[in-house]
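# let me see the structure of the following:
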Amino acid sequence: MFNIQSDEIIYNNKNGIEYIQFKKLLDFGIKHAYTLKGKNINFRSNSAEEKESYSKIYEAINLNVSTLVKPLQNHTSNVRCIDKVMKKEELPDTDGLITDKKNIALTTTNADCILFLFYDPVKKVIANVHSGWKGTFQKIAEKAIVKMINYYKCEPKDINCFICPSIRKCHFEVDEDVKILCEEIFSFTKKTDEFIEKGKIIDGKQKYFIDTVMINKILFKELGLKDNNIIDCNICSVCNSEKINSYRVEGKEFKLATAIISL
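Okay, here's the model as predicted:
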């Protein structure tokens, strides 16, 4: 049993796969999931378990795997609007997907990076965005919201954001070069002290902790998203690495989780 208690999510174990879902997205009637660790579960491209893992989670949430749309993620700021099922080879260097079409399941993967699920219940538009620290520094999630506004006529006040498990400030430790870059990019917020914390000196180097989730929340609010429409599971992938995939914990043998959303 998953031991994280939250009013925002529910735990599921079905069809041989464990996953969590957001209560509010379920209330909207939106099919979605974020997968947990499990035996022979791995969404890493070309892994021995990839195909069967997708089959299990899609069946568990009552989706046809033929609707899967998964881009070739590369820590970019590129967001694509999708109007038909596409192969990943057709979506190179893409880390964000948006659609207003049914029978398309937007899919991303992570192992510490943030995965954002978006839904506008008025315009019936969904998005799925992969944002590691590089994606956050390039403001990919902000760009996805702007596309929802410009291309699909979404109103910021109607957009709901759901934040999946990811590495959090408690474990996202960086050197001074990344800290300085972060300060330069987000100095306009005048809130850098809220998401950058001074850490210890290790091997003669000053370390810092950065809260990339908070950075994105600040950007979302400045775009006009409502506080109560930004739903965070508050789960750190490193703190909970026994159940959540984490590159920082697992190293080069890391496995990937997936987040799926479909109208």
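# what segments of the stretch 101-250 of the chain are strands?
Using DSSP state E, counting those that start in this stretch, the strands of the stretch 101-250 of the chain run over residues 105-110, 114-120, 125-131, 160-163, 173-174, 196-202, 205-210, 230-232.
# what helices or strands is the third one leaning on?
It stands for strand 125-131. Under the contact criterion of 3 or more CB pairs under 8 Å, 6 or more residues apart in numbering; DSSP states H and E, strand 125-131 touches strand 96-99, strand 105-110, strand 114-120, helix 140-152, strand 257-262. In short, each C-beta sits where N, CA and C put it, glycine included.
# go through these and name the closest to L223.
helix 140-152 (5.5 Å; CB to CB).
# quick one on the thing from earlier: could I get the strands of the stretch 101-250 of the chain as TSV with mean pLDDT and mean neighbour count?
Formatted as TSV, the strands of the stretch 101-250 of the chain follow (pLDDT from 0 to 100; neighbours: other CB atoms under 10 Å):
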stretch	mean pLDDT	mean neighbour count
strand 105-110	98	26
strand 114-120	98	26
strand 125-131	98	27
strand 160-163	98	23
strand 173-174	97	17
strand 196-202	96	13
strand 205-210	97	16
strand 230-232	98	19
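# can you put the ones you listed in CSV and add distance to K143?
Formatted as CSV, the strands of the stretch 101-250 of the chain follow (distance: least, CB to CB, whole Å):
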stretch, distance to K143
strand 105-110, 15
strand 114-120, 12
strand 125-131, 9
strand 160-163, 14
strand 173-174, 23
strand 196-202, 22
strand 205-210, 20
strand 230-232, 17
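# looking at those, which is nearest to D7?
For the strands of the stretch 101-250 of the chain, the distance to D7 is smallest for strand 230-232, at 9.9 Å, taking CB to CB.
# that older thread, can you list the helices and strands packed on strand 125-131 in TSV and add distance to N40?
TSV is the format used below for the helices and strands packed on strand 125-131 (distance: least, CB to CB, whole Å):
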stretch	distance to N40
strand 96-99	26
strand 105-110	16
strand 114-120	22
helix 140-152	31
strand 257-262	14
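# quick one: closest of those to I218.
helix 140-152 (10.0 Å).
# got a list of what K87 touches?
Counting by CB atoms under 8 Å, 6 or more residues apart in numbering, K87 touches no other residue.
# so how far is T94 from it?
Distance of K87 to T94, computed by CB to CB, to the nearest Å: 12 Å.
# same thing with I244?
From I244 to T94 the distance is 24 Å (CB to CB).
# the two: which has the busier surroundings?
Each of I244 and T94 has its neighbours counted (other CB atoms under 10 Å); I244 has more, 27 against 21.
# gap between the more buried one and C236?
In terms of CB to CB, I244 sits 8 Å off from C236.
# same deal with M86?
For M86, the distance to C236 equals 33 Å [CB to CB].
# quick one on the thing from earlier: what's the closest of the helices and strands packed on strand 125-131 to N12?
Closest among these, using CB to CB: strand 257-262, at 12.8 Å.
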